[in-house]
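Chemist: return a 3D structure for these sequence lines:
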Amino acid sequence: MATEVELKLTTDLESLATVRRHPALAAVLRGRARTTKDVSTYYDTRSGELRKAGVALRVRRSGQRWLQTVKEAGDRVGALHRRPEYEWTMHTSRIDTGKLSTTPWRSIFEATAGRLRPVFVTAVDRTSQPLAFADGTRATLCLDAGEIRAGRKRAPLTEIEIELVQGEPRLLHELALSLAADLPLAMAQASKAERGYALASRAQRLPLRARKLALAPNASVGNALARFGGDCLIQIGVNAQSVAAGVDGEFVHQARVGIRRLRALLNLAAGLIGGATIKPLVQELQWLSTALGAARDWDVFASATLPAVSRTLRHPPSRRDVGTLRGRVTRLRHAHFAEASAAAASARLQRLLLASAALLASLESPAAVPAMRVQAKNLAKEVLERRARRLDKRGVHLRRASPAERHVARIAAKKLRYVAEMFAPLFPGSRTKAYLSALAKLQGALGHLNDLATGERLLDQLAPDARTEKLVHGAGIARGWLSGAEAWAVTDADRMWRNFTKCKPFWR
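Modeler: Here you go, the predicted structure:
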């Protein structure tokens, strides 16, 4: 079994045709370019049993050769994909089940024997050429232009793959950053197999949430941060794709969650490697968070808060006036979503994702600072204890706290939660699950209070434009509802706080 390590980027056809002339790439190109026509057929059962098991099976015709390949999903840090892979040269396109039985996935292949069928095909013209870096690192550049086919469906495929042969993965990220400075490149958010399954499926596109990661008990700090940060980049990148395409609502929210998780990680890393490297990334994340933040605020106000206000009203004129207010708010929501979409589609975002990925890769590199090579469990206990004490100070008087003080408590809960989720895989057990569940509910209650405060702020912004009697009356009704809802929400947050304090910290 080999481990495939490759950096995957997407671009347009024009850039794909000219990328080899870019100075950064031209400097490391070696040997002659070779072009083949690669047609790969991916197999699975009708119910997608291989996909559910995290396994991809394909048979590829590359020029005059047949290749049978099995890959596991593996993991990702930014654009860098790492996957276990088995590959055999074949004489025909027929699947060799005997070879499949020699892999770690023997049981799933035995269970699906006789039921595998073609699901989708990728057909590309592939141009490949060796790369050699100054430090001895070697890689292979692959430029793919073609399409994915699933029945009658088609999707264009234009990718740049840089597959590591030997050496330092960090150099692949640095090369990608140099290319992205001049070309419209983006991190590939899905493998060819994932894109093929998505094309073949009728499933609705859903917002991507944070995943539950697995870490070895003796995982290093660098490995833990890179794995968690890699998931943050996926969450940001995948949801940003939908936002850029004009899909709004929960996709914006989940992209912002990914941003906050990554900022929490970078703040932690800054204490270990110094802030100079981290600061530019934090500043760019702040830009992105701000670009998405207004869209999220107006969306919650339009789609959650004001409908809740309307449901409490029995007097038709009052409901109509709140409806007028909601119409105005909805128009502003659309305007802010257009701004969020522009940020999500920008080259600036892609450079941010690539730069963050390069930093994460350096954290788990053998050349990383000594603090990255120690066991993560020791750091986890120290950081979690410090964050928990900070929340304790701010949560104990929650019922009597001012809105500003509750906001500070919410930030403390949020920072503790992200770090707790980061290190939770190192402390498996029911105590960890109970603690994270109670902490999430507390953060949710504090978040609801923040939504109410945000509603007041947005009404203040609307005030200069509320020139009609209906708008003024609708805004007044909304303010009254927000004031009344706050008392109930404070009581609920206090109850969530008391429930949370009953949970014993899982790291002690």
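Chemist: pretty sure residue 132 is touching residue 165, no?
Modeler: No - taking contacts as C-beta atoms under 8 Å, residue 132 lies outside contact range of residue 165: 9.5 Å. C-beta coordinates here come from the backbone N, C-alpha and C atoms, glycine included.
Chemist: more crowded one of these two?
Modeler: residue 132 (16 against 12; other C-beta atoms under 10 Å).
Chemist: for the more buried one, what are phi and psi?
Modeler: Note on residue 132: backbone dihedrals following degrees, to the nearest 10 are phi -140, psi 120.
Chemist: who's it bridged to?
Modeler: According to DSSP bridges, the residues that bridge with residue 132 are residue 138.
Chemist: which parts of the chain are strands?
Modeler: Under the criterion DSSP state E, the chain contains strands at 2-10, 34-44, 55-62, 65-72, 75-77, 80-90, 117-132, 138-150, 153-166, 186-187.
Chemist: buried ones in the least confident helix or strand in the chain by mean pLDDT?
Modeler: One helix or strand of the chain scores below all others by mean pLDDT, DSSP states H and E: strand 75-77, with a mean of 85. Neighbour counts over strand 75-77 (16 or more other C-beta atoms under 10 Å) mark 76-77 as buried.
Chemist: returning to that earlier point: find residues that contact each of residue 132 and residue 165.
Modeler: residue 138 (C-beta atoms under 8 Å, 6 or more residues apart in numbering).
Chemist: what's the pLDDT at residue 64?
Modeler: For residue 64, the pLDDT comes out at 87.
Chemist: contacting residues for residue 221?
Modeler: By C-beta under 8 Å, 6+ apart, residue 221 lies in contact with 272, 363, 371-376, 379.
Chemist: among those residues, list the two that are farthest apart in space.
Modeler: Using C-beta to C-beta, the contacts of residue 221 reach their maximum pairwise distance at 363 and 375, which is 14.6 Å.
Chemist: the more surrounded of those two?
Modeler: Using other C-beta under 10 Å as the criterion, residue 363 and residue 375 rank with residue 363 on top: 23 against 16.
Chemist: sort out which residues of stretch 38-53 are buried, please.
Modeler: Residues of stretch 38-53 classed as buried by neighbour count (16+ other C-beta under 10 Å): 38-45, 49-51, 53.
Chemist: check stretch 116-128 too.
Modeler: Residues of stretch 116-128 classed as buried by neighbour count (16+ other C-beta under 10 Å): 116, 119-124, 126-128.
Chemist: what about residue 152, how many neighbours?
Modeler: Residues near residue 152, counting by other C-beta under 10 Å, number 5.
Chemist: quick one, phi psi at it?
Modeler: When read as degrees, to the nearest 10, the backbone of residue 152 gives phi -90, psi 0.
Chemist: which residues in the stretch 301-450 of the chain form helices?
Modeler: With DSSP state H, counting those that start in this stretch, the ranges of helices along the stretch 301-450 of the chain come out as 306-311, 316-344, 347-363, 376-395, 403-423, 430-462.
Chemist: now do the fourth one against helix 403-423, angle only.
Modeler: I take that to be helix 376-395. Relative orientation of helix 376-395 versus helix 403-423 (axes from the mean of the first three to the mean of the last three C-alpha atoms, to 10 degrees): 160 degrees.
Chemist: and the contacts of helix 376-395?
Modeler: Everything outside helix 376-395 that qualifies as a contact, by C-beta under 8 Å, 6+ apart, is 215, 217-221, 223-225, 268, 401, 405, 408-409, 412-413, 415-416, 419-420, 422-423, 426-427, 442, 497, 500-501, 505, 507-508.
Chemist: that helix to helix 430-462, inter-axis angle?
Modeler: Here helix 376-395 runs at an angle of 50 degrees relative to helix 430-462 (the same axes, to 10 degrees).
Chemist: state the mean pLDDT of helix 376-395.
Modeler: The average pLDDT for helix 376-395 rounds to 95.
Chemist: can you tell me which of the helices of the stretch 301-450 of the chain is most buried?
Modeler: Compared across the helices of the stretch 301-450 of the chain, helix 347-363 shows the largest average neighbour count, a mean of 22 (mean count of other C-beta atoms under 10 Å).
Chemist: now residue 279: closest residue in space that isn't a chain neighbour?
Modeler: Nearest residue to residue 279 in three dimensions, chain neighbours excluded: residue 270, at 7.8 Å (C-beta to C-beta, 6 or more residues apart in numbering).
Chemist: residues contacting that neighbour?
Modeler: Contact partners of residue 270, counting by C-beta under 8 Å, 6+ apart, are 278-279, 282.
Chemist: do you know the pLDDT at it?
Modeler: pLDDT recorded at residue 270 is 95.
Chemist: any idea how far it is from residue 506?
Modeler: Computed as C-beta to C-beta, to the nearest Å, the residue 270 to residue 506 distance reads 25 Å.
Chemist: what's the burial count for residue 2?
Modeler: 9.
Chemist: now the residue nearest to it when sequence neighbours are not counted, which residues is it bridged with?
Modeler: Using C-beta to C-beta, 6+ apart and skipping the chain neighbours, the partner closest in space to residue 2 is residue 85 (5.2 Å). Beta-bridge pairing for residue 85 (DSSP bridges): residue 2, residue 71.
Chemist: can you redo the buried residues of stretch 38-53 as a markdown table with pLDDT and distance to residue 388?
Modeler: Formatted as a markdown table, those follow (pLDDT from 0 to 100; distance: C-beta to C-beta, whole Å):
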| residue | pLDDT | distance to residue 388 |
| --- | --- | --- |
| 38 | 97 | 53 |
| 39 | 98 | 56 |
| 40 | 98 | 50 |
| 41 | 98 | 53 |
| 42 | 98 | 47 |
| 43 | 98 | 49 |
| 44 | 98 | 45 |
| 45 | 98 | 47 |
| 49 | 98 | 43 |
| 50 | 98 | 43 |
| 51 | 96 | 40 |
| 53 | 96 | 38 |
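Chemist: would you point out which residue is most central in this structure?
Modeler: Relative to the mean C-alpha position of the chain, the nearest C-alpha, by C-alpha atoms, centre = their mean, is the one of residue 235, at 1.2 Å.
Chemist: right, and it touches residue 257 too?
Modeler: Yes - Residue 235 is within contact range of residue 257, at 6.8 Å (criterion: C-beta under 8 Å).
Chemist: between the two, which contacts overlap?
Modeler: Common contacts of residue 235 and residue 257 (C-beta under 8 Å, 6+ apart): 209-210.
Chemist: returning to what we had before: if we look at the least confident helix or strand of the chain, which residues are touching it?
Modeler: Residues from elsewhere that reach strand 75-77 (C-beta under 8 Å, 6+ apart): 81-82, 226-227, 229-230, 233-234, 357, 360-361, 364.
Chemist: ok, which of the helices of the stretch 301-450 of the chain comes nearest residue 481?
Modeler: The stretch from those with the least distance to residue 481 (C-beta to C-beta) is helix 306-311; that distance is 4.5 Å.
Chemist: can you dump the C-alpha coordinates of the closest one into PDB?
Modeler: This file holds the C-alpha atoms of helix 306-311, laid out as PDB (Å, rounded to 0.1, in the frame of the first residue of the first chain):
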ATOM      1  CA  LEU A 306     -39.500  39.000  12.800                       C
ATOM      2  CA  PRO A 307     -41.500  35.900  11.900                       C
ATOM      3  CA  ALA A 308     -41.500  35.100  15.700                       C
ATOM      4  CA  VAL A 309     -42.800  38.600  16.300                       C
ATOM      5  CA  SER A 310     -45.600  38.200  13.800                       C
ATOM      6  CA  ARG A 311     -46.700  34.900  15.400                       C
END
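Chemist: which helices and strands sit right next to that helix?
Modeler: Of the remaining helices and strands, those touching helix 306-311 by 3 or more C-beta pairs under 8 Å, 6 or more residues apart in numbering; DSSP states H and E are helix 316-344, helix 469-501.
Chemist: tell me what residue 146 is bridged to.
Modeler: Counting by DSSP bridges, residue 146 forms beta bridges with residue 124, residue 157.
Chemist: and it, how close does it get to residue 187?
Modeler: According to C-beta to C-beta, residue 146 and residue 187 sit 20 Å apart.
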